[in-house]
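Student: From the sequence below, what's the structure:
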Amino acid sequence: MKIRRSEELKWRLIGFFGTLFIDLLFLTIRVKSKGLEKVDAMIASKKNIFALWHSRILTFSHVYKGLGSAILVSASKDGEIIARVLEKQGHKTIRGSSRKGGMTALGKLADAMTADPRRPGTVIPDGPQGPRFQVQKGVILLAQKTGMPITPVTCGVKRSKVFNSWDRFMLPLPFTTCLLIYGDPLHVSAEANEAEIESARKELETRLRRITEEADGYFGQTTPYAQE
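Tutor: As a prediction, the model looks like this:
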């Protein structure tokens, strides 16, 4: 999305104050993790692709703000808000969709991941507009193209404000506890055919849903699946 010069200051302020708000909020929040030991070395190598749901990005982006992940973000106006905050956190945003523009956006993301300095990739597989908790195949194609494994990750929150948006976005409340859960990495062969790509897509969706149910269940909550 092209930004007029008259709007640039507004977007910069949104990025600055949005990041400041998140930093101050998480000074009051306890963040726990589960399963990190399975993927810690892989994350440190920056040779991986994070996959997480649209509604659970806030805790992830804050925890990994120093990692400089390359993240695919919608080119919409709402995506601009997210992109400005992510960029202030030190991430590199690639504007586009894994569906609209398809391989063009994924190609730019792959280039950012393999450039110097190397960056891990991050894809929101149910974004930018859902359906909620349903994986689109773009992240599978990215793993096939780069040869990098996918690390499923999700977050549960003890107390949060859940917005009435398509994704049921979760904003942690002050002085609460968040739990990040990491799933088993998923590898996709460079020679995978269409049927194998679809099988990998379903498997990633299963793994993400499983750890999301575990994270929500840890706090006695039920995962808010979309109508299926």
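Student: Look up how far K10 lies from T212.
Tutor: T212 sits 34 Å away from K10, taking Cβ to Cβ, to the nearest Å as the criterion. In short, each C-beta sits where N, CA and C put it, glycine included.
Student: Can you give the contact residues for the longest helix belonging to the chain?
Tutor: Taking DSSP state H as the criterion, the chain has its longest helix at helix 194-218. Here helix 194-218 makes contact (Cβ atoms under 8 Å, 6 or more residues apart in numbering) with 34-35, 51-53, 56, 125, 133-137, 139-141, 143-144, 150, 152-156, 179-184, 186, 188-189, 192, 222-223.
Student: Just give me how far that helix sits from the chain centre.
Tutor: 14 Å (Cα atoms, centre = their mean, to the nearest Å).
Student: where exactly do the strands run in this structure?
Tutor: Applying DSSP state E to the chain gives strands spanning 30-34, 49-51, 70-73, 92-95, 121-123, 150-157, 160-162, 170-172, 177-182.
Student: could you redo the ones you listed as CSV and give each row distance to A105?
Tutor: Compiled in CSV, those are given as follows (distance: least, Cβ to Cβ, whole Å):
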stretch, distance to A105
strand 30-34, 30
strand 49-51, 14
strand 70-73, 6
strand 92-95, 6
strand 121-123, 10
strand 150-157, 17
strand 160-162, 29
strand 170-172, 26
strand 177-182, 25
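Student: hmm, back to that, now, of the contacts of helix 194-218, which are buried?
Tutor: For the contacts of helix 194-218, a burial check counting by 16 or more other Cβ atoms under 10 Å picks out 35, 51-53, 56, 125, 133-137, 139-141, 143-144, 150, 152-156, 179-183, 186, 188, 192, 223.
Student: re earlier: of T212 and K10, which one has the most company?
Tutor: T212 (25 against 12; other Cβ atoms under 10 Å).
Student: Compute the distance between the more buried one and V162, please.
Tutor: Taking Cβ to Cβ, one finds T212 at 14 Å from V162.
Student: Identify the contacts common to those two.
Tutor: With Cβ under 8 Å, 6+ apart, T212 and V162 have no common neighbours.
Student: And the helices in the protein?
Tutor: Secondary structure of the chain by DSSP H: the helices cover 5-26, 36-45, 57-63, 77-88, 103-114, 138-146, 194-218.
Student: any idea which of the ones you listed is most buried?
Tutor: For the helices of the chain, the largest average neighbour count (mean count of other Cβ atoms under 10 Å) is found in helix 138-146, namely a mean of 23.
Student: Quick check: end-to-end length of stretch 58-74?
Tutor: 16 Å (Cα to Cα, to the nearest Å).
Student: quick one: average pLDDT of that stretch?
Tutor: Computed over stretch 58-74, the mean pLDDT rounds to 92.
Student: tell me how far it is from the chain's mean position?
Tutor: The chain centroid and the centroid of stretch 58-74 are separated by 7 Å under Cα atoms, centre = their mean.
Student: Then stretch 94-114?
Tutor: Centroid displacement of stretch 94-114 relative to its chain, using Cα atoms, centre = their mean, is 14 Å.
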